[in-house]
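>>> here is my input; please provide its structure:
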Amino acid sequence: MAEWRDPEVAALREAFVSLQPPEGAPQPTWPERRAMIDGLGAIAPPPENCHIEPLKLGGVAAEKITPKGADASRTIFYLHGGGYCIGGCVSHRTMVAKMAEAAGATAYTIDYRLAPEHRFPAAVDDALAAWRAFISAGGNAARTVIAGDSAGGGLTVALAVAARDAGLPAAAGLHCISPWANLTNTGPAYQAKAETDFIITQAGIDDFKVNYLAPGQDPKAPLASPVFANLAGLPPMLIQVGSEEVLMSDATLLAERAGIARVDVTLRIWPDMIHIWPFFPQLSAGARAMAESTAWIKTRVP
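So this is what the prediction gives:
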């Protein structure tokens, strides 16, 4: 049994354990799992001074979040996590609003289509269509940071690769939180952290993979697993990952591959932290990590 030095993480683990279905019970359906993550995201409301507006970018549903007094020219283009199968604007509204408020930026959360109804490359196609529409509508890529967590962290890099290859303007930076960037689902942390990662299990991440990829699709496809993409010429990256998560292997491999491609990379491994810890308002370390990331965003977009 893992021992937790951070009492807030220990309490969150107990809460997660209590939510698990009894042994032998049927697994929740996708609609049930989507409702669950929406509920988790709504535990804390978004800041009151943030104006939230639904819209579409390139035919893709999205939300625009504008904190009071934000620099209208500083933008965060956010791609939510959820294994490409769950999550959306509702689940990530509070997290993105807090990030936008702390960064003094306007944020756009992209509600890309979900698997298994819409398999790879639907999420990449939607992210690229939204980015193209954002630019066409006057969005300034040079003053925009693309950000995302978990699957959205991998999608952040995939979008940057797709945009580069399509000849679209590059963002000012890429911010990846606990990125799922290697759909082979292998690496040293998968074994080393199997007992401590109570959010992602090997069986769980493999389930997301087989529902995102169509039968026969290669998990090493560059836009599905951007650690296998040509990363040359991408914008500077900030990668944040917890020391107690299996996706630490994805984060370290992504940093290495980007560094080999001469990308400016900052990798921060947070001791004692779990998968996408800034998502959970119960964790004070999440607020500290967000302060770190928003300070970095401001250096990229002064």
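
>>> do a quick rundown of the strands in the stretch 1-150 of the chain.
50-57, 60-67, 71-79, 105-110, 144-149 (DSSP state E, counting those that start in this stretch).

>>> of all those, which one is nearest Ala15?
Checking these against Ala15 by Cβ to Cβ gives strand 144-149 as the closest, at 19.4 Å. In short, each C-beta sits where N, CA and C put it, glycine included.

>>> ok and that closest one relative to strand 71-79, angle-wise?
30 degrees (axes from the mean of the first three to the mean of the last three Cα atoms, to 10 degrees).

>>> distance between strand 144-149 and the chain's centre?
8 Å (Cα atoms, centre = their mean, to the nearest Å).

>>> could you list the buried residues of the longest helix anywhere in the chain?
Scanning the chain for the longest helix, with DSSP state H as the assignment, gives helix 284-300. By neighbour count with 16 or more other Cβ atoms under 10 Å, helix 284-300 contains the buried residues Ala285, Gly286, Ala289, Met290, Glu292, Ser293, Thr294, Trp296, Ile297, Lys298, Arg300.

>>> shaky segments in the protein?
Applying pLDDT under 70 to the chain flags the ranges 1-3.

>>> how about the helices in it?
Under DSSP H, the chain gives helices at 7-19, 30-41, 89-103, 122-136, 151-165, 188-192, 202-212, 248-260, 284-300.

>>> winner for burial among those?
When the helices of the chain are scored by mean count of other Cβ atoms under 10 Å, the highest mean neighbour count falls to helix 151-165 (a mean of 26).

>>> gap between that one and the chain center?
On Cα atoms, centre = their mean, the centre of helix 151-165 falls 11 Å from that of its chain.

>>> cool, and stretch 4-24?
How far stretch 4-24 lies from its chain's middle: 22 Å, per Cα atoms, centre = their mean.

>>> just the CA trace of it, in PDB.
The C-alpha trace of stretch 4-24 is given here as PDB (Å, rounded to 0.1, in the frame of the first residue of the first chain):
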ATOM      1  CA  TRP A   4       1.200   9.500   1.100                       C
ATOM      2  CA  ARG A   5       3.300  12.300   2.500                       C
ATOM      3  CA  ASP A   6       0.800  14.900   1.400                       C
ATOM      4  CA  PRO A   7      -2.300  14.600   3.600                       C
ATOM      5  CA  GLU A   8      -4.500  16.300   0.900                       C
ATOM      6  CA  VAL A   9      -3.600  13.700  -1.600                       C
ATOM      7  CA  ALA A  10      -4.200  10.900   0.900                       C
ATOM      8  CA  ALA A  11      -7.700  12.300   1.600                       C
ATOM      9  CA  LEU A  12      -8.400  12.500  -2.100                       C
ATOM     10  CA  ARG A  13      -7.300   8.900  -2.600                       C
ATOM     11  CA  GLU A  14      -9.800   7.800   0.100                       C
ATOM     12  CA  ALA A  15     -12.600   9.700  -1.700                       C
ATOM     13  CA  PHE A  16     -11.700   8.100  -5.000                       C
ATOM     14  CA  VAL A  17     -11.600   4.600  -3.500                       C
ATOM     15  CA  SER A  18     -15.100   5.200  -2.000                       C
ATOM     16  CA  LEU A  19     -16.400   6.100  -5.500                       C
ATOM     17  CA  GLN A  20     -15.300   2.800  -7.100                       C
ATOM     18  CA  PRO A  21     -18.000   0.400  -8.100                       C
ATOM     19  CA  PRO A  22     -18.100  -2.800  -6.000                       C
ATOM     20  CA  GLU A  23     -16.100  -5.800  -7.300                       C
ATOM     21  CA  GLY A  24     -18.000  -7.600 -10.000                       C
END
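
>>> what's next to that stretch, contact-wise?
27-28, 36, 198-199, 244, 272-274, 277, 280, 282-285 (Cβ atoms under 8 Å, 6 or more residues apart in numbering).

>>> kindly write the PyMOL command that selects the buried subset of those residues.
A single PyMOL command selects the buried members of these (16+ other Cβ under 10 Å):
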select buried, resi 198+199+244+272+273+274+277+280+283+285
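
>>> of all the contacts of stretch 4-24, which comes closest to Ala172?
Using Cβ to Cβ, the contacts of stretch 4-24 come closest to Ala172 at Trp277, 24.7 Å.

>>> what sits against the closest one?
Val9, Ser178, Gly242, Trp270, Leu283, Ala285, Gly286, Ala289.

>>> contacting residues around the closest residue to the fourth one other than its chain neighbours?
Counting by Cβ to Cβ, 6 or more residues apart in numbering, Trp270 lies nearest to Gly242, which is 5.2 Å off, once chain neighbours are set aside. Residues counted as contacts of Gly242 (Cβ under 8 Å, 6+ apart) are Ser178, Met248, Ile269, Trp270, Asp272, Met273, Ile274, His275, Trp277.
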